[in-house]
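Turn this into a structure:
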Amino acid sequence: MLSDLAVTLLLLAAAVVMFAFNKPRMDAVALIMIVVLPFTGIISMNEALAGFSDPNIILIAALFVIGEGLVRTGVAQRLGDWLCSRAGRNETRLLCLLMLLVAAVGSVMSSTGVVAIFIPVVLRIAQSASIAPGRLMMPLSVAALFSGMMTLVGTAPNLVVNSELVRHGFEGFQFFSITPFGVPLLIVGIAYMVFARRWLVTSVQERKSDQRRPRLADWIEEYGLAERETRLRVTPHSPLVAKTLEELNLRGTSGVNIVAIERHSRMGTHIMRPTALTALHVGDVLYLDLASPSVDITSVVKRFQLERLPLTGMYFSDHSQEIGMAEVMLPPTSTLIGKTVVGSRFRTEYELNVVGLRRGTTAHKESLLDEKLKLGDTLLLIGPWKAIRRLQADPKTMIVLSLPEELDEVIPAAPRAPHAVFSILVVVALMVSGVVPNVQAALIGCLLLGLLRCVDFNSAYRSIHWQSLVLIVGMLPFSIALQRTGGVDLAASALLGVVGDASSHAILAGLFTVTALFGLFISNTATAVLMAPVALAVAKELGASPYPFAMIVALAASTAFMTPVSSPVNTLVLGPGNYSFVDFLRVGVPLAILVMAVSVILVPLLLPL
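Residues are numbered from 1 along each chain as shown. Predicted coordinates:
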């Protein structure tokens, strides 16, 4: 038995070392252990692979898909926009609202996914408010870790600990069992970060134009588009009503270029792509680009009985979810060379409009419609994002030089946001009521999101973080091996030997400390896999309830503030926040101690020993 334990501990130590150096990557280490452990004879191959049939693995995968539904429908982004509008330039208010919002969203979706969503939001806020990103990025990651303390499904370690309880024959935690601990800890964390932000990066670094992708505003300025923006509403008496764009030929007869059409319906307002067969309706708002400075827009308004709307100066970039731009260059093989912009039939062939032309370094600001295109010309195109994405499929005609940053912010299924919220509410209601198992509730949510077209199969499969799932599955065999070889009982006895006859608070503090220290070297999920059995063994040795000990491990596993490798959320903010390893230690260690103190006081109060 001792030799088997020694082999298991040796393999575990090897895994921890590889985790610490991240070579090979964590999921590869997990696969290596799945393959190697059965060779020891301690567990069988079926036991090594048993994690793939664990309901919690399916539940975690389903939660990734549910999170994708929130992303694709823009629910998360709209929350970010709300944050911008509410916080303004007050850094303290911004930090508090950011952490509350991230913790709330992360309670029902992957914390890693939440951070990935909010990084560009925070960068945009920091730039507009002249705040160093480093003062907000670590509060973002800390809030994401606290989100794991909000609900049972907030983070994978909670599910691992819950699964261990069930495996030992105990009733598992309920959906909100962890919430009474998470809410006070979040409040403590927010108060701490308001104080600790002074230790973070304070210099505002300008983003150099040659180190980033252009934004729509850059092109609007470069090509002088702002003054060409015109918006006209079709009145009931207009002769344009019920006429198709092909019949009207407004570009040929009046020199106006319709970029998009805004139409109101019972389902709300939406932006339409103008085509030759598009018939105009009363109330339609025409987004026009005055491609020629000689166009007399006043006479156009009078002739067609249109209503002129106020200008925004943003050249339609306020509708960047529907309307995009791209810069393309004409290669020698392009069939467009020698043709005029009108003769190239961009709208018919590519569903796009040419609104800018550059030769060399100079933007051509004169009339574009009759300009003959030449080899090497750079064209600025505007139109729906779907059409812009298709440009890359035909490099012989046009080479895509650059796509704006706004492309990454486009919401694929924005009109489906209410459906996504409904699906989430159904999942939460099912989990809270306990009518069906949590995994079944999550799968019902996935089916609803698919049925309501919030996600499709491709986006659902892409959303699942397979590395995290493989890591959990690869670490589960260690739990079996350590229990079978007596390692878990030995660890529990060693922990009790260290604390001696100390109080229950000291035992909980010791368990929290060991769990948190493990988190310095390996992921919080792997830590939960290893420490949950130890916690239950300690409870058994003491003849106490298992729930306080299981809860302290769940809370400690989410206290992964201390290093950039403790959790993927820390790794994500490392670059954007311009942090060093020492920054995490400086901020994370005192916070972890503070969380431990509050947890050790709260847990015995709410979960009696």
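
What are the buried residues along stretch 179-187?
179, 181-182, 185-186 (16 or more other CB atoms under 10 Å). (Glycine included, C-beta is placed from N, CA and C.)

Kindly format the C-alpha coordinates of that stretch as PDB.
What follows is stretch 179-187, C-alpha atoms only, in PDB (Å, rounded to 0.1, in the frame of the first residue of the first chain):
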ATOM      1  CA  THR A 179     -24.700  32.600  -2.100                       C
ATOM      2  CA  PRO A 180     -24.900  33.600   1.600                       C
ATOM      3  CA  PHE A 181     -21.100  33.300   1.700                       C
ATOM      4  CA  GLY A 182     -20.400  34.800  -1.700                       C
ATOM      5  CA  VAL A 183     -22.300  38.000  -1.300                       C
ATOM      6  CA  PRO A 184     -20.500  39.200   1.900                       C
ATOM      7  CA  LEU A 185     -17.200  38.100   0.400                       C
ATOM      8  CA  LEU A 186     -17.900  40.100  -2.800                       C
ATOM      9  CA  ILE A 187     -18.700  43.200  -0.700                       C
END
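
Inside helices: which ones of the buried residues of stretch 179-187?
Assigned to helices by DSSP state H, the following of the buried residues of stretch 179-187 qualify: 179, 181-182, 185-186.

residues contacting the nearest residue to residue 384 once chain neighbours are set aside?
Excluding the flanking residues, the one nearest residue 384 by CB to CB, 6 or more residues apart in numbering is residue 273, at 5.0 Å. Residues near residue 273 by CB atoms under 8 Å, 6 or more residues apart in numbering: 260-261, 351, 383-384, 387.

at 10 Å instead, please
Residue 273 makes contact with 259-261, 322-323, 347, 351-352, 383-384, 386-387, according to CB atoms under 10 Å, 6 or more residues apart in numbering.

Now do it against residue 493, distance only.
Counting by CB to CB, to the nearest Å, the gap from residue 273 to residue 493 is 70 Å.

so where's the stretch 401-550 of the chain shaky on pLDDT?
Residue ranges of the stretch 401-550 of the chain with pLDDT under 70: 409, 411-413, 488, 499-502, 521-522.

that older thread, with respect to residue 443, which of the ones in helices among the buried residues of stretch 179-187 is nearest?
Nearest to residue 443 out of these is residue 179 (CB to CB; 23.2 Å).

Off-centre distance for the helix or strand that contains residue 387?
Residue 387 is part of helix 385-390 when elements are defined by DSSP states H and E. Mean-position distance between helix 385-390 and its chain equals 22 Å (CA atoms, centre = their mean, to the nearest Å).

Stretch 142-161 too?
Taking mean C-alpha positions (CA atoms, centre = their mean), stretch 142-161 and its chain are 16 Å apart.

cool, and stretch 298-312?
42 Å.

so how far does it reach from one end to the other?
18 Å (CA to CA, to the nearest Å).

from the contacts of residue 273, which would you call buried?
Buried members of those, counted by 16+ other CB under 10 Å: 259-261, 322-323, 347, 351-352, 383-384, 387.

Which member of the residues you listed is positioned nearest residue 397?
Among those, and counting by CB to CB, the member closest to residue 397 is residue 352, at 12.1 Å.

Now for the closest one: which residues touch it?
259, 273, 324-326, 328, 346, 379, 381-384, 387-388, 390-391, 398.

Return the backbone torsion pair for it.
Residue 352 adopts backbone torsions of phi -130, psi 160, taken as degrees, to the nearest 10.

for residue 377, same thing?
phi -60, psi 140.

So it sits against residue 364, correct?
Yes - using CB atoms under 10 Å, residue 377 is in contact with residue 364, at 8.7 Å.

who touches both of these two?
Counting by CB under 10 Å, 6+ apart, the residues touching both residue 377 and residue 364 are 357-358, 371.

Which of those ranks first by neighbour count?
residue 357 (20 neighbours; other CB atoms under 10 Å).

That one and residue 330: what is the separation?
The separation that residue 357 has from residue 330, given CB to CB, amounts to 10 Å.

what is in contact with the two at once?
Each of 373-374, 377-379 lies in contact with both residue 357 and residue 330 under the rule CB under 10 Å, 6+ apart.

max-length helix in the chain?
In the chain, taking DSSP H as the definition, the longest helix is helix 581-606.

chain center to it: distance?
Mean-position distance between helix 581-606 and its chain equals 26 Å (CA atoms, centre = their mean).

For it, name the packing helices and strands.
Contact analysis of helix 581-606 by 3 or more CB pairs under 10 Å, 6 or more residues apart in numbering; DSSP states H and E lists helix 134-147, helix 179-196, helix 504-518, helix 546-557, helix 568-574 as its packing neighbours.

I'd like to check the angle between that helix and helix 504-518, please.
150 degrees (axes from the mean of the first three to the mean of the last three CA atoms, to 10 degrees).

between helix 581-606 and helix 179-196, how big is the angle?
Interaxial angle of helix 581-606 relative to helix 179-196 (the same axes, to 10 degrees): 150 degrees.

Assign the nearest residue to residue 260 once chain neighbours are set aside to helix, strand or coil.
Counting by CB to CB, 6+ apart, the nearest residue to residue 260 once its immediate chain neighbours are dropped is residue 287, at 4.4 Å. Secondary structure, DSSP: H, G, I helix; E, B strand; the rest coil: residue 287 is strand.

Please renumber the chain so that the first residue is 25 from this point on.
Sure, I'll start counting at 25 from here, so that last one is residue 311.

Residue 311 - how many residues pack around it?
Neighbours of residue 311 under the rule other CB under 10 Å: 23.

again, but for residue 215
Using other CB under 10 Å, residue 215 is surrounded by 12 other residues.

Could you measure from it over to residue 221?
Look at residue 215 and residue 221: by CB to CB, they are 11 Å apart.

How about residue 487?
32 Å.

got it, and residue 528?
In this view, residue 528 and residue 221 are 35 Å apart by CB to CB.

With neighbour numbers in mind, choose between the two.
residue 221 (21 against 17).

Just among the shared contacts of residue 381 and residue 354, which is most surrounded?
residue 403 (24 neighbours).

and that residue, what does it touch?
Residue 403 sits next to 350-354, 360, 365, 368, 370, 376, 378-382, 388, 392, 397, 422, 425 when contact means CB under 10 Å, 6+ apart.

tell me the SS of it?
Using three-state DSSP, the structure places residue 403 in strand.

Can you name the residues bridging to it?
Residue 403 has these beta-bridge partners by DSSP bridges: residue 352, residue 381.

can you list the domains in this protein?
86-230+441-489, 240-428 (automatic domain parsing).

Please list all residues in contact with residue 398.
By CB under 10 Å, 6+ apart, residue 398 lies in contact with 354, 358, 360-362, 381, 383.
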